[in-house]
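In: Everything below, folded, please.
(one chain, ligands or ions: 1)
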Amino acid sequence: MNIIDGKIISEQIKTEIAAEVRKMIADGKNPPHLAAILVGEDPASQTYVASKERSCKEVGFTSSIYRYPATMSEAELLKAIEFLNNDDEVDGFIVQLPVPKHISVDKIIESINPKKDVDGFHPINAGRMMASLPSYLPATPYGIMQMLERSNIETEGKHCVVLGRSNIVGTPVSVLMSRNSKNANATVTICHSKTKNLAEITRQADILIAAIGKPLFVTADMVKEGATVIDVGIHRVASPDTKSGFKLVGDVDFANVSKKCSNISPVPGGVGLMTIVSLLENTLKAAKKEVYK
Ligand code: NAP
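Out: Predicted structure coming up:
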């Protein structure tokens, strides 16, 4: 059994990005600049934004964080987005989700200039992805595709079962896996909460991507011998074995599933690390005007 090590793969990609940044600077260009808008005090969001900032530093990007109170109105947030849309110094930016309930997520995403939408959530980027046109790919699905490609996992003609159909993970990764392109070309089945006989379907998977949001949901009896399993879930659960009293687990029962499969991504140390580097890759593309001229 091979562990698909998100740490090793993400470090490789960061090294490649850092080399490109050094080249840009040597050519007299500015390093890529990623900005993040953070509304409110959600601890998980603060952690994500801090680690995005750290990753920017590691590869030589400029980064800036715009922090606002949870009481910020939707109109004020739209104004902050408009400011970044028009700021020539900023190549790409994200609005860290979730935003407070009184703010419409759809309105926020649609107000971001697609050319700067490095999260790849804007309907224009989602539509371009569907049409296989150049676009910013959503970070987590993009990271999963890179994990498979860089681990030399054959996808063509394989049956890929995706658990979950969210707009940020399940649906886009199913589109990317079924694309008529290198390192894709899989036959894809998407499962969701209304799927009947789920285990019967997951047992047919050569590649199983679990993005369901339920800790340890995928058990060994749901997995075919020799399958590749990508675990997208992240959950903080109580644990008597750690000093802090909690540990991170995924959507997959790693201890038992890993005994059956040929490749598996762990949690932590898997997809989560890839998500951040995908954001860096999109920002580099934005700075180099590779997607939109
Ligand atoms: P989400 O929006 O909650 O979507 C979960 C999906 O799973 C939905 O499509 C839901 O079906 C389906 N589902 C729920 N219970 C099910 C069941 N019993 N049987 C079959 N399908 C079921 O979640 P998400 O945003 O895609 O995230 C999924 C997980 O990945 C979460 O743990 C999240 O924290 C994690 N995540 C990790 C990263 C990373 O960087 N590693 C990034 C994003 C998300 P319905 O559509 O029918 O409700």
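
In: buried set for stretch 72-92?
Out: The neighbour-count check on stretch 72-92 (16 or more other Cβ atoms under 10 Å) flags Met72, Leu77, Ala80, Ile81, Leu84, Asn85, Val90, Asp91, Gly92 as buried. C-betas here are computed from N, CA, C, even on glycine.

In: What is the end-to-end distance of stretch 101-121?
Out: One end of stretch 101-121 to the other measures 19 Å (Cα to Cα, to the nearest Å).

In: do that stretch and the ligand meet?
Out: No: remark: stretch 101-121 sits outside contact range of the ligand, by Cβ under 6 Å from any ligand atom, the gap being at least 11.0 Å.

In: Buried residues in that stretch, which are they?
Out: Neighbour-count burial for stretch 101-121 flags 103, 108-109, 111-121 (criterion: 16+ other Cβ under 10 Å).

In: so what's Gln146 up against?
Out: Contacts for Gln146 (Cβ atoms under 8 Å, 6 or more residues apart in numbering) come out as Ile9, Ile13, Met274, Val277, Ser278.

In: want to try a markdown table for these, with pLDDT as columns?
Out: A markdown table is the format used below for the contacts of Gln146 (pLDDT from 0 to 100):
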| residue | pLDDT |
| --- | --- |
| Ile9 | 98 |
| Ile13 | 98 |
| Met274 | 96 |
| Val277 | 97 |
| Ser278 | 97 |
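
In: Buried only: go through those for me.
Out: Among these, the ones that count as buried by 16+ other Cβ under 10 Å are Ile9, Ile13, Met274, Val277, Ser278.

In: Excluding covalently adjacent residues, which one is nearest to the third one?
Out: Of all residues not flanking Met274 in the chain, Gly143 sits nearest, at 2.9 Å (Cβ to Cβ, 6 or more residues apart in numbering).

In: Then the second one?
Out: Of all residues beyond its chain neighbours, the one nearest Ile13 is Val277 (4.6 Å), with distances taken as Cβ to Cβ, 6+ apart.

In: Now do the contacts for that neighbour.
Out: By Cβ under 8 Å, 6+ apart, the contact set of Val277 is Ser10, Ile13, Lys14, Ile17, Ser55, Gly143, Gln146.

In: And the furthest pair within the residues you listed?
Out: The distance between the two most remote of these (Cβ to Cβ) is 14.9 Å, for Ser55 and Gln146.

In: ok, Thr242 - how many residues close by?
Out: 10 (other Cβ atoms under 10 Å).
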